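> attaching a predicted model along with its sequence, questions to come.
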Amino acid sequence: MDTRKLNKFTSCGGCTAKLPQGMLREAVSHIPHFSDPNLLVGFDTSDDGAVYKLTDDLAIINTLDFFPPMVNDPYLFGKIAAANALSDIYAMGGEVVSALNIVCFPEDEDPAILAEILRGGAEKVLEAGGVLCGGHSINDKEPKYGLSVTGTVHPDKIMHNNRCMIGDRIILTKPLGVGMITASYKAGAATEESYRQATGSMEKLNKYAFETAKQYRIHSCTDVTGFGFLGHLNEMATAEYSIHVEAGKVLYFKEAERLAAEYLMTGGGAKNRRFLQDKVDLQGLTMPMEEILFDPQTSGGLLLSVHKDDADALLADLNSHERSCCMVGEVIQREAGSIIVTA
Amino acid sequence: MRKTIDACGLSCPEPVLLLKQDIDDAEEIELHVDNQASVNNCCRFARSKGFCVSVGGGGGKYTLTLTKG
């Protein structure tokens, strides 16, 4: 197969390609308001997927995600894009039922590249226990791939992103830094080893973390993607409570710290910092640590808000196979900033 | 020594990497970038290297003038 680089097509891949959070909020604020008592989760809370109640004990979750490549290997790109799209179902507390491919691809490119992307994506849908049942494709100079996913959840078991309880502990299930590492690797500035660590993490389904977590008292859940750790944590905070993070407890891929120290951040990280600067209170962090917390993640981990008495057991359970999860902080009485980060 | 770098069409971290190649030998650098995120990241990097930075332009074309301070 032609091994031409997928990345040549795109300047800004993965979840880094998201539109800025502020711009999106402004745009969505102008669309008509839909009021339907069965729409349990819609635009209002920037949640991970929409949830619509069909019967008293069954709701469907709709979500879609697609983006340009952030890695050269088309098969790996397919797996990462699918894992990322499927993640929203787990972040809402549901199970995957079916998925449709979303494809943009140049019509004059090698179809074998496209086949590899689709193979990677389909394998992840299979692993998720869902069925891939169609899709839509568009001729486009820049390839993009993702899924539209349908899941189900019991209406009483929806995992909103903003129902944390004061005292809850916050657990993160994948290390941070994959945005900086994949962007720098593309530019020849990150090592093969950290690239392999990052892509291994990105292609991992959040299914396993959620299946473990749901055996404990989880009050809220979301996943970390383009808006970075702090951006998605900010969506968990409300006027009723703030979240305190201890930066020293956050796991990240070590090379991300070196890259940040050399100012090799992504554009997405700069956008995240700008959007969040008056919402987060960063106290005494090193510059590289701040950048890691703003770094946009593609197919990042789950953020779980768990009852404090269950937190240690859940963390031990999550880390029973490999140590990729960390307890990063707790939900506290509301303070001026939504998020307070101390060293 | 004065240097001009065109980093238009590149996304971060590539403009910073280009700047890094020349920053140790230059007294003054004119850097062209085409997005705000690159402006921010390049400014921060240049200041960390002891340069004063002024930013001109807008609307997708920015010129950063870096002068050793």
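Looks like it arrived, so ask away. Numbering: from 1, shown residues only, chains lettered A, B, ... in the order given.
> and A:Leu86, what does it touch?
Applying C-beta atoms under 8 Å, 6 or more residues apart in numbering or on different chains to A:Leu86 gives the contacts A:96, A:99, A:124-125, A:128, A:130, A:147, A:149, A:205-207. Using the backbone N, CA and C atoms, a C-beta is placed for each residue, glycine as well.
> could you redo the last one with a cut-off of 7 Å?
By C-beta atoms under 7 Å, 6 or more residues apart in numbering or on different chains, the contact list for A:Leu86 reads A:96, A:124, A:128, A:147, A:149, A:205.
> need the CA coordinates for the host helix or strand of it. CSV is fine.
Using DSSP states H and E, A:Leu86 maps to helix A:74-91. Provided in CSV are the C-alpha atoms of helix A:74-91 (Å, rounded to 0.1, in the frame of the first residue of the first chain):
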residue,chain,number,x,y,z
PRO,A,74,-4.5,5.6,8.2
TYR,A,75,-5.4,2.4,10.2
LEU,A,76,-4.3,4.0,13.4
PHE,A,77,-6.1,7.2,12.5
GLY,A,78,-9.3,5.2,12.0
LYS,A,79,-9.0,3.5,15.3
ILE,A,80,-8.3,6.8,17.2
ALA,A,81,-11.2,8.7,15.5
ALA,A,82,-13.6,5.9,16.2
ALA,A,83,-12.5,5.6,19.9
ASN,A,84,-12.9,9.3,20.2
ALA,A,85,-16.4,9.3,18.8
LEU,A,86,-17.5,6.2,20.8
SER,A,87,-16.3,7.8,24.0
ASP,A,88,-19.2,10.3,24.2
ILE,A,89,-21.6,7.3,24.7
TYR,A,90,-19.6,6.2,27.7
ALA,A,91,-19.3,9.7,29.0
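> could you give the separation of that helix from the chain centroid?
Taking C-alpha atoms, centre = their mean, to the nearest Å, one finds the center of helix A:74-91 at 10 Å from the center of the full chain.
> ok, now stretch A:306-318?
21 Å.
> near chain B, which residues of the stretch 201-343 of chain A show up?
Residues of the stretch 201-343 of chain A lying close to chain B (C-beta under 7 Å from any C-beta of the partner chain) are A:263-267, A:270-271.
> in chain A, what residue is nearest chain B?
Here the residue of chain A nearest chain B is A:Gly267; by C-beta to the nearest C-beta that distance is 3.3 Å.
> and the residue lying closest to that residue once chain neighbours are set aside, what helix or strand is that in?
If the residues on either side of it in the chain are set aside, A:Gly267 comes closest to B:Ala37, at 3.3 Å by C-beta to C-beta, 6 or more residues apart in numbering or on different chains. Applying DSSP H and E as the criterion places B:Ala37 in helix B:36-48.
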